[in-house]
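*Asks:* Okay, predicted coordinates and the sequence, questions at the end:
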Amino acid sequence: MKNTTMLKGAAAVALGGALLLGGGGTLAWWNASDSAAAGTIVAGDLNVQAATGVWTDGAGNPVNIATYLVVPGDLLTYTQDLDITLTGDKMAANLVATNTDAGAGFDPANVTVTSPKLTDADGDVIANPLTSSQHVTASITFEFKSSTSTRTDVNASRNLGNVSFTLTQVQQSGLQ
Amino acid sequence: MRIPRSIKTAGLMVAAVLLGLMAVQGTYALWSANAVAQPGTVKASTFTVNLTGNPSGASMPMTVNDQATTLALTTAQAPLADLVRGSSVYTSMGIGNASDAGGVFDITVTATAPTVSNMSGGTLGDYLTVSAASAASSTACSSASGYQPLSGAGFTTPAIAKGATATLCFKVTLDAAAPSSVEGSSVSITLPLHARQKCGVPNGCAE
């Protein structure tokens, strides 16, 4: 009776092994795996930085506007360098300069103050939208006309206010 | 349960406005950056020309409160020498360009035709000639050359630079043929002066 029990146990072990072998057959089916690196998404950049502006006289010599006193015939130029940063495959932006908060002073007939002019490295007026980083120069001229007569505008002064440079991204094809 | 047409229209308009605002919001959401520069204040200079009479020693600006001033070259205490037929007497003034201009600021001063007024009904003025010239100093007036009669365009000094001074001499000559009736007479001579800025800024004037 003991032998019978042992036989039954052996048969059970054999059946279990066969089942295990059958399961091994499932593992043998074709299988493949791989991994993909989606990569890193890097954002572009948009920025405008203004350097210190410089005033020059009609001969191109620098002047200190805080102490320089103009006379009829003077033609002063304010030059402001701007570093434009534009990166991004679909980056495009408009650069606009506006002169605000300018004060009065001087008879308008005797002076000419130009609006900010934006030029590229070649001296050409920029064409918006800009699509790449670059160096832009903004300039304003102040002309005290030599036609000024008598003692008109002696000791006059005019605050040229603030010149704001705004760089605004514009919608491009492919952007949401 | 019909919805009035006006309510439908209003609903459509609200929807359109909302869509429009959403679209604008999308545009504003794009990047922007700003930088501000302050060019500063442009100031004009003064135009100050100082005159000093000789022999009077009086001194004053050509204009005060934008009004022309009057400078006496002679006084009772500092008269000119006596004038005789065919000779001349001299007086002068120092001209100082006191401008505080930032750049070059040259001026010239022009003396034009004088007004000669006879004192006490005399006729001395009819026999006088007033001329002017530049000199290195007031003591050099009697030996200066280049006197020009003050008629027509008058006499204009050479350029006087900012901060510099110059001497303008006047010579009054009595005609050698003046009658004896003018002896002891006196005249008052008024000399108009006009200071002008020269176009001396760098690279010439802007226009």
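*Replies:* Nice, thanks for sending it over.

*Asks:* What confidence value was assigned to residue 80?
*Replies:* If you meant another chain, say so; for now it's chain A. With respect to pLDDT, A:Gln80 scores 94.

*Asks:* not what I meant, chain B
*Replies:* pLDDT, read off for B:Leu80, is 88.

*Asks:* Next: the one 10 residues further on.
*Replies:* The model reports B:Tyr90 with a pLDDT of 96.

*Asks:* Quick check: closest non-adjacent residue to it.
*Replies:* Excluding the flanking residues, the one nearest B:Tyr90 by Cβ to Cβ, 6 or more residues apart in numbering or on different chains is B:Cys141, at 4.3 Å. C-beta coordinates here come from the backbone N, C-alpha and C atoms, glycine included.

*Asks:* got it, and A:Asn94?
*Replies:* A:Asn128 (4.2 Å).

*Asks:* One more: B:Ser88?
*Replies:* Per Cβ to Cβ, 6+ apart, closest to B:Ser88 is B:Thr173, 4.4 Å.

*Asks:* related to what we said a few turns ago, element containing the residue nearest to A:Asn94?
*Replies:* Under the criterion DSSP states H and E, no helix or strand holds A:Asn128.

*Asks:* Is the most centrally placed residue in chain A part of a helix or strand, or is it coil?
*Replies:* Against the mean C-alpha coordinate of chain A, by Cα atoms, centre = their mean, the closest residue is A:Leu46 at 1.6 Å. Of the three states, A:Leu46 takes strand under DSSP: H, G, I helix; E, B strand; the rest coil.

*Asks:* in chain B, which segments are predicted with low confidence?
*Replies:* Chain B contains residues with pLDDT under 70 at B:1-28, B:200-207.

*Asks:* now chain A
*Replies:* A:1-6, A:9-10, A:12-27.

*Asks:* Show me where it has its strands.
*Replies:* Applying DSSP state E to chain A gives strands spanning A:45-50, A:54-56, A:62-63, A:69-70, A:75-87, A:93-100, A:111-113, A:117-119, A:134-144, A:157-159, A:162-169.

*Asks:* Would you point to the one among these that's packed deepest?
*Replies:* strand A:69-70 (a mean of 24; mean count of other Cβ atoms under 10 Å in any protein chain shown).

*Asks:* Indicate whether that one makes contact with chain B.
*Replies:* Yes: Strand A:69-70 comes into contact with chain B (Cβ under 8 Å from any Cβ of the partner chain), by way of A:69-70.

*Asks:* Let me see the residues that make contact with that strand.
*Replies:* Identification of contacts with strand A:69-70 by Cβ atoms under 8 Å, 6 or more residues apart in numbering or on different chains yields A:76, A:142, A:144, B:42-46, B:100-103.

*Asks:* Stretch A:148-156 too?
*Replies:* Contacts of stretch A:148-156 (Cβ under 8 Å, 6+ apart): A:72, A:105-107, A:110-111, A:144, B:43-47, B:63, B:66.

*Asks:* what's the residue nearest to A:Asp101 when sequence neighbours are not counted in contact with, if anything?
*Replies:* Residue nearest to A:Asp101 in three dimensions, not counting chain neighbours: A:Gly161, with 3.7 Å by Cβ to Cβ, 6+ apart. Going by Cβ under 8 Å, 6+ apart, A:Gly161 touches A:99-103, B:38-39.

*Asks:* got it, and B:Thr108?
*Replies:* Counted by Cβ under 8 Å, 6+ apart, B:Thr108 has contacts B:156-160, B:195-196, B:198.

*Asks:* before we move on, what SS does it have?
*Replies:* strand.

*Asks:* Give the bridge partners for it, please.
*Replies:* Beta-bridge pairing of B:Thr108 under DSSP bridges involves B:Arg196.

*Asks:* Neighbours of the spatially closest residue to the residue nearest to the centre of chain A that is not a sequence neighbour, how many?
*Replies:* Nearest residue to A:Leu46 in three dimensions, chain neighbours excluded: B:Trp31, at 4.3 Å (Cβ to Cβ, 6+ apart). If you count neighbours by other Cβ atoms under 10 Å in any protein chain shown, B:Trp31 ends up with 17.

*Asks:* Before I go, just wanted to say thanks for your time.
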